[in-house]
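Participant: Here is my input; please provide its structure:
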Amino acid sequence: MHKINVATEAFNSKQACELTAATARQLNYWDHKGLVKPSFSPASGRGSRRLYSYNDLLAIQTVMKLRNEKVSLQRIGKCVRYLRGHLPDVSQPLTFCRLITDGQTVYLVWDENTLIDTVKRQGQLALLLDIAAIDRELRDKALSLTAKRTEQVIVGDYAYQVEIQADTDCGGYVAEVAGLPGCITQGESLDEVLENVTDAIATYLQAVDDLAKRGVHLSVRGGKKRKARRA
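Facilitator: Below you'll find the model as predicted:
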């Protein structure tokens, strides 16, 4: 299993939604408003797709946490503009700072003695929003999502071992069937790639049978025959 470095991974919109619990509509709106834009590949017209960096996902997750604390998007936008203005060298300031919110405003923890109101409003009792904890939780999810995994796919009476891993170039997943050389497919989500690989195996086996009838025999290991269930 190859080692995953989430800092260099590209995540498509479906993966971003899966990891952060944001909806596709929210991602589109936040991108349009400039709240969180995809760093790897922005939407550039119909048919194009967004590719987010891990830092983008962390920024999305931070926005989700703030929304869960009833902070309005308008106030989050003011906070982001303040942070970008005062931290111009940080591409995603929501991932760089320690923030505190009371649901009405968002404070930047500048040092142990200084809180800065990024929305310009007096706050009440503040709730600590620990970006480091959000980072740890999201990183664990991202590692789980992008790691190579093995799934068993049933086609007819046989079970096939399928290796699935994230497609870091285009987003989504790539699946390769053990024992069937060249039987490779892809999909936007895990469900889609598993559905596609089932079809790919059936098509592959049909092609092997057709070639065998013509006297061309391919060396394939095939799947493991399933045990018949007792009545």
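Participant: so after the helix-or-strand element of the chain with minimal mean pLDDT, what's the next helix or strand?
Facilitator: Using mean pLDDT, DSSP states H and E, the weakest-scoring helix or strand in the chain turns out to be strand 127-129, at a mean of 62. Counting by DSSP states H and E, the element after strand 127-129 in chain order, helix or strand, is helix 131-146.
Participant: who touches that next one?
Facilitator: Counting contacts by C-beta atoms under 8 Å, 6 or more residues apart in numbering, the residues outside helix 131-146 that touch it are 4, 6, 9, 11, 15, 18-20, 54, 57-58, 61-62, 65, 94-99, 165-166, 168. (Glycine included, C-beta is placed from N, CA and C.)
Participant: how about a cut-off of 7 Å?
Facilitator: Residues outside helix 131-146 that contact it (C-beta atoms under 7 Å, 6 or more residues apart in numbering) are 4, 6, 9, 15, 18-19, 54, 57-58, 61-62, 65, 95, 97-99, 166.
Participant: Going by neighbour count, which residues of that helix are buried?
Facilitator: I131, I134, D135, L138, R139, K141, A142, L145, T146 (16 or more other C-beta atoms under 10 Å).
Participant: which one's the longest strand in the chain?
Facilitator: Ranked by residue count, the top strand of the chain under DSSP state E comes out as strand 158-166.
Participant: Run the angle between that strand and helix 131-146 for me.
Facilitator: 140 degrees (axes from the mean of the first three to the mean of the last three C-alpha atoms, to 10 degrees).
Participant: continuing past strand 158-166, what's the next helix or strand?
Facilitator: strand 173-177.
Participant: Spell out which strands sit alongside that following strand in the sheet and which way each one runs.
Facilitator: Paired with strand 173-177 in the same sheet, following DSSP bridges, are strand 158-166 (antiparallel), strand 184-187 (antiparallel).
Participant: Domains in the chain, by residue range?
Facilitator: In the domain annotation for the chain, the residue ranges read 6-144, 148-225 (automatic domain parsing).
Participant: Now do the helix or strand A207 falls within: everything it contacts.
Facilitator: Using DSSP H and E, the element containing A207 is helix 190-213. Here helix 190-213 makes contact (C-beta under 7 Å, 6+ apart) with 151, 153, 155, 160, 162, 164, 173, 175, 177, 180, 183, 185-187, 218, 220.
Participant: Of the residues you listed, which count as buried by neighbour count?
Facilitator: 153, 155, 160, 162, 164, 173, 175, 177, 180, 183, 185-187.
Participant: Run through the protein and note the low-pLDDT ranges.
Facilitator: Under the criterion pLDDT under 70, the flagged ranges of the chain are 1-8, 43-48, 112-113, 120-128, 143, 146-147, 168, 221-223, 226-231.
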